[in-house]
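Next come a sequence and a model predicted from it.
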Amino acid sequence: MSAPLQIGLLVFPRVTQLDFTGPLQVFSALPGAKLHLIWKRIEPVPSDAVLTLTPTMTFADCPQLDVICVPGGRGTDDLLNDAEVLDFLRRQAEGAQYVTSVCTGSLALGAAGLLRGYRAATHWSAMEMLGQFGATPTKTRVCIDRNRVTGGGVTAGIDFALTLVSILADRATAEAIQLGIEYNPAPPFNSGSPDTAPAEVLARVKERIATNQVGRLEAVTRAAERVM
């Protein structure tokens, strides 16, 4: 009997829950997979919405993972210079088959020095920051570069997970999972990308996130100075 495939997703304060609950739903249907929600301690963790999450595994007790995944969210900024988190990611990356992220989780991988020389995707608002970690920003829903698999913003997490399942298992398994969750997107508006959103909508969103962008850039710059 083969050992279960160990898949771990990091959860942290102010994580965007959809960044990992989308992949979690997909991975939970992968035969032979054992899933872990990982944080420093087993205690409730607030997401960036009303949902509170409970980790299932601590850093200290976490086995060697086959897949390590870092989701994004506003709380990502606090990870970029958190030595305990970055050390955990580096240790896991040494033995993992795949080192992965969704949305701005790629910034945490970059801060751990795990994206230098790799192409990577992220949320559109953080795309220009990836380069500070020696990564090549790639504007795509899912970016595969050797054993680094990174997803774009938030909803790309489902695309990312289905793509990774097709690699870990096969396409038929991924397609069966896709059908099982009826992932057949048909968005009501064509404003899901800065390339297609109306100019006034893009301006409104940029204004809303401006303050957070300043703080994130400061955290990225500080982390990049250490990494590079």
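Done, it's in. Residues are numbered from 1 along each chain as shown.

Quickly find the element holding Lys34.
Per DSSP states H and E: Lys34 is located in strand 33-39.

Any buried residues in that strand, and which?
For strand 33-39, the neighbour count (16 or more other C-beta atoms under 10 Å) marks 33, 35-39 as buried. In short, each C-beta sits where N, CA and C put it, glycine included.

packing partners for that strand?
Packing partners of strand 33-39 (3 or more C-beta pairs under 8 Å, 6 or more residues apart in numbering; DSSP states H and E): strand 5-10, helix 17-27, strand 57-58.

so how far is it off the chain centroid?
Here the centre of strand 33-39 is set off from its chain's centre by 14 Å, with C-alpha atoms, centre = their mean, to the nearest Å.

any idea of the mean pLDDT in that strand?
Regarding strand 33-39, the rounded mean pLDDT is 98.

That one pairs with which strands?
In the sheet, strand 33-39 lines up against strand 5-10 (parallel), strand 57-58 (parallel) (DSSP bridges).

Pull the residues that contact the shortest one.
By C-beta atoms under 8 Å, 6 or more residues apart in numbering, the residues outside strand 57-58 that reach it are 8, 36-42.

so after it, what's the next helix or strand?
Of the helices and strands lying after strand 57-58 in sequence (DSSP H and E), the nearest is strand 67-70.

May I have that following strand exported as CSV, CA atoms only?
Included here for strand 67-70 are C-alpha records, laid out as CSV according to Å, rounded to 0.1, in the frame of the first residue of the first chain:
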residue,chain,number,x,y,z
VAL,A,67,3.0,19.6,-1.9
ILE,A,68,3.4,22.8,0.1
CYS,A,69,1.0,25.6,-0.8
VAL,A,70,0.9,29.2,0.4
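
Just checking: what are the partner strands of it?
Strand 67-70 sits in its sheet next to strand 5-10 (parallel), strand 98-102 (parallel), going by DSSP bridges.

just checking, which of those strands sits deepest inside the structure?
strand 98-102 (a mean of 28; mean count of other C-beta atoms under 10 Å).

tilt between that strand and helix 17-27?
Relative orientation of strand 98-102 versus helix 17-27 (axes from the mean of the first three to the mean of the last three C-alpha atoms, to 10 degrees): 140 degrees.

neighbouring contacts of strand 98-102?
By C-beta under 8 Å, 6+ apart, strand 98-102 touches 19-20, 22-23, 66-72, 89, 92-93, 108-109, 114, 120, 122, 147-151, 154, 156-157, 160, 164, 167-168.

Just the buried residues out of the residues you listed, in PyMOL syntax.
Here is the PyMOL selection string for the buried members of the contacts of strand 98-102, based on 16+ other C-beta under 10 Å:
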select buried, resi 19+20+22+23+66+67+68+69+70+71+72+89+92+93+108+109+114+120+122+148+149+150+151+154+156+157+160+164+168
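
where do the strands sit along this protein?
With DSSP state E as the criterion, the chain has strands at 5-10, 33-39, 45-46, 52-53, 57-58, 67-70, 98-102, 119-120, 136-137, 142-145, 148-151.

Apart from its chain neighbours, what residue comes closest to Leu162?
Residue nearest to Leu162 in three dimensions, not counting chain neighbours: Ala174, with 4.8 Å by C-beta to C-beta, 6 or more residues apart in numbering.
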